[in-house]
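Novice: structure for this input, please:
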Amino acid sequence: MPFNISLAVKLGRFVQDAYTMNGLADPTKVILSDVTYSLVNVIYGDDQWDSIDGYVPFGFIAQSAAAPYTVVVSIRGTENLWDWMADAVFVREPCPVSGAPAGAETEVGFTTLFGTFRVGPTQASATLKTAIQGLLASIDSGNVAQVCVCGHSLGGALATVVASDLAGSQIVGSPTVYTFASPAVGEKTFATWYDALVPNSYRIYNLPDIVPTLPPAILGYTQVDEPYPINSGSATQNSVLCHHSLATYLHSLDPTFPLDPACAVLALPPPAAPASA
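Specialist: Predicted coordinates:
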């Protein structure tokens, strides 16, 4: 399946919905950017990089309105980018997902957070994988056109782990994955296994963005395929946050999508008319 810009933008907007959801008193009241989709479950996780004790909304599962159905798993990044960058230690551990080969390792913070994913705000709630498995079992297999997994920043790393778990456990034969500004998830053994297991995967990264260069390759990390570079260039303010913003990514893919106001480069006023002699 070739890279599809319109699908990338659509999924990026779903990730933006996941960020919006996190700010709502009732996350089930989120209005999805594509109103032909319905919310199936809220995804909760216990984020070690936030100041909140317990589970918070991290995204959602949504389903299109009519057969053949598309199921979307959308995951936001951390709201505290600086805390994540400052506190991350980039230690690896054996990859815990289904079917991972011997020697495959993933970053411990990503996989620990993935392990907390539930479809309710407590540890006793059903796991994300169980919820997706149940949803797909409730739909006749011939009526599922596509299962898409998407995420931004830390959420991109989490989307990669989620997709590998769904495919490795054969719950989803070949998920479609679009990530934005994702850091590397694991080392070469994991990346090689993932690339073969999830061929319909696209990793969109902005050339000036530092986050996709983390964790550094010198520590043994390898990015997964398929890379899709963009370059926000002079379209945004020159800052780490602006280069990394999801709105910057979406604007680079679709110029009609607005930038964050704080990141937009102010247009220069027209030159003044020469003074009359």
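
Novice: poorly predicted segments of the stretch 101-250 of the chain, please.
Specialist: Along the stretch 101-250 of the chain, segments meeting pLDDT under 70 span 141.

Novice: which helix runs longest in the protein?
Specialist: helix 5-22 (DSSP state H).

Novice: check contacts around Gly77.
Specialist: 19, 151-156, 181, 246 (CB atoms under 8 Å, 6 or more residues apart in numbering). (C-beta placed from N, C-alpha, C; glycine too.)

Novice: columns neighbour count, distance to Thr70 and secondary structure on top of those residues, output as TSV?
Specialist: Formatted as TSV, the contacts of Gly77 follow (neighbours: other CB atoms under 10 Å; distance: CB to CB, whole Å; DSSP: H, G, I helix; E, B strand; the rest coil):
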residue	neighbour count	distance to Thr70	secondary structure
Tyr19	18	21	helix
Gly151	33	17	strand
His152	32	19	strand
Ser153	26	23	coil
Leu154	27	24	helix
Gly155	28	19	helix
Gly156	29	20	helix
Ala181	27	23	coil
Leu246	23	21	helix
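
Novice: can you add distance to Tyr228 and give the residues you listed back as a markdown table?
Specialist: Below are the contacts of Gly77 laid out as a markdown table (distance: CB to CB, whole Å):
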| residue | distance to Tyr228 |
| --- | --- |
| Tyr19 | 21 |
| Gly151 | 15 |
| His152 | 14 |
| Ser153 | 16 |
| Leu154 | 19 |
| Gly155 | 17 |
| Gly156 | 12 |
| Ala181 | 12 |
| Leu246 | 15 |
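
Novice: ok, the residues you listed vs Pro229, which is closest?
Specialist: Ala181 (11.7 Å; CB to CB).

Novice: re the thing from before, just the residues contacting the longest helix of the chain, thanks.
Specialist: With CB under 8 Å, 6+ apart as the test, helix 5-22 has contacts from 27, 30-34, 42, 56-60, 62, 72, 74-77, 79, 148, 150-152, 155, 176, 178, 180, 202, 204, 228, 246-247, 249-250, 253-254, 257.

Novice: apply 6 Å and report the result again.
Specialist: Applying CB atoms under 6 Å, 6 or more residues apart in numbering, the set of residues contacting helix 5-22 from outside is 27, 30, 32-33, 57, 59, 72, 74, 76, 148, 150, 152, 178, 180, 246, 250, 253-254.

Novice: appreciated, that's everything.
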